[in-house]
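>>> The following block contains a protein sequence and its predicted model.
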Amino acid sequence: MKTETPQPETYASRAETETVTCPNCRAEIARGMRFCRLCGYRLGEGLAEYVETVRLNNVGGIGTMPGGGLTPAGAPDTTGLYSPPGGCDAVGRRRTRGRRRFVWLAWLAFPIALVVATSGGVFVIGNLAGGGSAGVSAPAPPRSFFGGAEFERVEDVGLMLESVLPGGPAAAAGLHDGDVIVKFDGRRIESEGDLRDALRETPVGKTVEVEYLRDGEPGRTMLTTMAANEYDARAFAPAAGSGYWGVSGLRRVPVEGTKLYGVRLGGVRTNRPADIAGLKEGDIVIEFDGRPVRTRQGLSSYIDHAAPGTVVNVTVIRDNQPVVIPIKMGRD
């Protein structure tokens, strides 16, 4: 009996199987291929190189992608990272680079997402290491308050107070609307920025010297600052409501023949307190109940803070002559 010597299994001897294993990269390849589609290893002669390629579906943990490339676990490739014109080594390098990019992007995106999600609260947590209180950021130090409601820069002179808040430091120091601040605690004041800087450097409660001009004449006063968050304008509003005159078109104008400025009335409404008292269009108000009137904001503030029903004496310039008129305040 003739005994046949077993021959080593060759690529051709496995023609009856659907797939073969590449000896180089161990990938499952459609039978009949001349070269491994994954690493390019020469397998032998086969008809499949000249006929339609057989695509595999999740065979042996390896799958095909639409473009002919292979992805882990047979997942379809939508990124292009697994198209291997350079063979297995090229695929491996691309996968490594892609993963490294992803890791770096993730590390960059994480702190940004954390800050956005916590609305900055992460920095509050970070302060705990430096002795901060849990969940509470350090409060801003109190800022010194001057007590002027509005200002206007006077070229080459100083900063004019257009309105003074009742009960504030400026009012307590005797300053009025129209006063021009020249120096604050020895510091030259030419703009609102200068005054803000000076107040920022002045401790709350400190008494400082203020130099000013009033109707062209120099003056000095002592002003004690207070904390800005301690001032409450509502505490100085009249309990019965705001005062009312019935005037309009207020305008700051110089008073002819003097160094004074006053406020001209552009209109007086009929049967309103000002009209009933005898005020007329064109009158220039220079004094309200003993206080100088130099700006329209100042006059408006005086009217608003006068209690309805009270009588105030108002001095106006009419036909170049001062006239004192008592006015019973109305209610706004």
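Nice, I can see it. Numbers count the residues shown, from 1 in each chain.
>>> Report the contact partners of Pro169.
Phe145, Phe146, Gly147, Leu223, Thr224, Thr225, Met226 (C-beta atoms under 8 Å, 6 or more residues apart in numbering). For glycine as for every other residue, the C-beta is placed from the backbone atoms N, C-alpha and C.
>>> Go ahead and confirm the second one touches Leu199.
Yes - here Phe146 reaches Leu199: they are 6.0 Å apart, a contact under C-beta atoms under 8 Å.
>>> Of these two, which one has the most company?
Phe146 (26 against 18; other C-beta atoms under 10 Å).
>>> Now do the more buried one, the pLDDT please.
Looking at Phe146, its pLDDT stands at 91.
>>> Quick check: phi and psi at it.
The phi/psi pair for Phe146 (degrees, to the nearest 10) reads phi -90, psi -40.
>>> Mutual contacts of Phe146 and Leu199, please.
Common contact partners of Phe146 and Leu199 (C-beta under 8 Å, 6+ apart): Thr225.
>>> and the gap between Met222 and Pro169?
For Met222, the distance to Pro169 (C-beta to C-beta, to the nearest Å) stands at 10 Å.
>>> ah, wrong one, I meant Pro218
Taken as C-beta to C-beta, the span from Pro218 to Pro169 is 20 Å.
>>> cool, and Glu155?
26 Å.
>>> Quickly list what Glu209 is bridged to.
Met222 (DSSP bridges).
>>> which one of the contacts of Pro169 sits closest to Val293?
Gly147 (18.2 Å; C-beta to C-beta).
>>> what sits against the residue nearest to the closest one when sequence neighbours are not counted?
In this structure, Gly147 finds its nearest non-sequential neighbour in Gly168, 2.5 Å apart by C-beta to C-beta, 6 or more residues apart in numbering. By C-beta under 8 Å, 6+ apart, the contact set of Gly168 is Phe145, Phe146, Gly147, Gly148, Met226, Tyr231.
>>> Apply 10 Å and report the result again.
Phe145, Phe146, Gly147, Gly148, Ala149, Leu175, Leu223, Thr225, Met226, Tyr231, Ala233, Phe236 (C-beta atoms under 10 Å, 6 or more residues apart in numbering).
>>> is it true that the second one touches Val204?
In this case it means Phe146. No - under the criterion of C-beta atoms under 10 Å, Phe146 makes no contact with Val204, lying 11.7 Å away.
>>> rewinding a little: tell me the residues that contact both of Met222 and Pro169, please.
Thr207, Val208, Val210.
>>> Just the pLDDT for the last one.
With respect to pLDDT, Val210 has a value of 97.
>>> Hmm, it is touching Pro218, no?
No - using C-beta under 10 Å, Val210 is not in contact with Pro218, being 11.5 Å away.
>>> So if I had to pick from those two, which one is more boxed in?
Neighbour count, other C-beta under 10 Å: between Val210 and Pro218, Val210 has more, with 22 against 10.
>>> which residue packs closest to the more buried one, ignoring adjacent ones?
Leu223 (4.9 Å).
>>> Tell me the spacing between the one you found and Gln297.
In terms of C-beta to C-beta, Leu223 sits 20 Å off from Gln297.
>>> out of the two, which sits in the more crowded spot?
The residue with more neighbours, out of Leu223 and Gln297, is Leu223; 25 against 20, by other C-beta under 10 Å.
>>> my guess is that one meets Asp185, correct?
Yes - assessed by C-beta under 10 Å, Leu223 is found in contact with Asp185 at 8.9 Å.
>>> ok, the shared contacts of Met222 and Pro169 vs Gly290, which is closest?
Val210 (21.6 Å).
>>> Tell me how far the residue nearest to Asp185 when sequence neighbours are not counted lies from Leu223.
Nearest residue to Asp185, sequence neighbours excluded (C-beta to C-beta, 6+ apart): Val208, at 3.7 Å. When C-beta to C-beta is applied, the distance between Val208 and Leu223 equals 6 Å.
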